[in-house]
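1. fold the following for me, if possible:
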Amino acid sequence: MSRSNALATRWLGVGLASALAVVTVSLSLTGRIGLYINPESSWFAVGMAVLLLVGAILSFLLPLGAESDHGHDHGHDGGDDSSDAEGGHEHHSPQGIGLVASVVGGVVASAIVIVTLVLPPASLSAELAISRDVGAPPLFVGADTVALAATGDTASFGIGEWSAVFATATNPEAFDGAPVTLTGFVTPGSDFALTRLVITHCVIDAQTASVPVTASIDVPDTGQWVTVTGTVRSTTDGQLRIDATEVELIDEPVDPYEY
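-> Now for the predicted structure:
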């Protein structure tokens, strides 16, 4: 194996994996890993990243190009080369196709990792939240949440829990008058909806949670982060919504998701 091929092989293996491991550890140290995974499971991701970095360091004990040494020679049977072409038609070499696929895949993978290293971490957008909104509360939030809310124990409720209460409560009058202070970003609604993305494991499974808000103010722009203080009200048609007494415009919080 030539030196350039050996370096490319080392980069596509140890190099890319090490770069992603460094990003993972850096995000953890700066407190921004929650932008990508649930902080409760970050210990596993960070542990695996550290283990990978240790393995990457140890890999330098191997001579460059040792990856291609299988410990035996590949012979050539010296058969009739005319079998490679039949009837005047050329056959595409599987090795050639595999090489092209490897090069393209390597370039794409390298570009993704380099972008990850260069660009600052960012949260998912309001537009994505709107596109994922199916009009239902997040999974894994349901009857137990409603039962807990009925006891008045709602101090720790976020938008995810309240969206489940709003969507599934069979006696909405029981929640009329409950005080709330919630933080989220604005999405379209009758007045507007207060929205947050809820993550179970990582951003791939992010689900949209929203609660309707009425307020006697100009509706903030879509995507604007706000803290809404108000009261849960039951409407005449049996629906729940938040009657806002204060809508404070804020910057995006350090931890923009609910878990």
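2. which other helices and strands contact the helix or strand where I57 lies?
-> Using DSSP states H and E, I57 falls within helix 42-59. In terms of contacts (3 or more CB pairs under 8 Å, 6 or more residues apart in numbering; DSSP states H and E), helix 42-59 is packed against helix 16-29. In this view, the C-beta of every residue, glycine as well, is placed from N, C-alpha and C.
3. any buried residues in the helix it packs on, and which?
-> Buried residues in helix 16-29, counted by 16 or more other CB atoms under 10 Å: 16-25, 27-28.
4. ok, and the closest non-adjacent residue to L249?
-> V226 (5.7 Å; CB to CB, 6 or more residues apart in numbering).
5. same deal with F166?
-> L240 (4.5 Å).
6. same question for P172.
-> Using CB to CB, 6+ apart, the closest residue to P172 is S234 (4.4 Å).
7. if we can go back for a sec, contacts for the helix or strand that contains the residue nearest to L249, please.
-> Taking DSSP H and E as the criterion, V226 maps to strand 225-234. For strand 225-234, contacts defined as CB atoms under 8 Å, 6 or more residues apart in numbering pick out 162, 172-173, 175-186, 194, 213-215, 220, 240-253.
8. what lines up beside that strand in the sheet?
-> strand 179-187 (antiparallel), strand 240-249 (antiparallel) (DSSP bridges).
9. what segments of the protein are helices?
-> Secondary structure of the chain, counting by DSSP state H: helices at 3-10, 16-29, 42-59, 94-118, 126-132, 143-150, 159-168.
10. can you give me the angle the helix holding I57 makes with helix 16-29?
-> Computed with axes from the mean of the first three to the mean of the last three CA atoms, to 10 degrees, the direction of helix 42-59 lies at 140 degrees from that of helix 16-29.
11. list the contacts of helix 42-59.
-> 10, 14, 17-18, 20-22, 24-25, 28, 33-34, 37.
12. could you work out the most separated pair of those residues?
-> Farthest-apart pair in those is R10 and G34; separation 32.4 Å (CB to CB).
13. which of those two has more neighbours?
-> G34 (21 against 18; other CB atoms under 10 Å).
14. domain ranges for the chain?
-> What the record gives for the chain is the domain set 1-66+108-122, 128-249, from automatic domain parsing.
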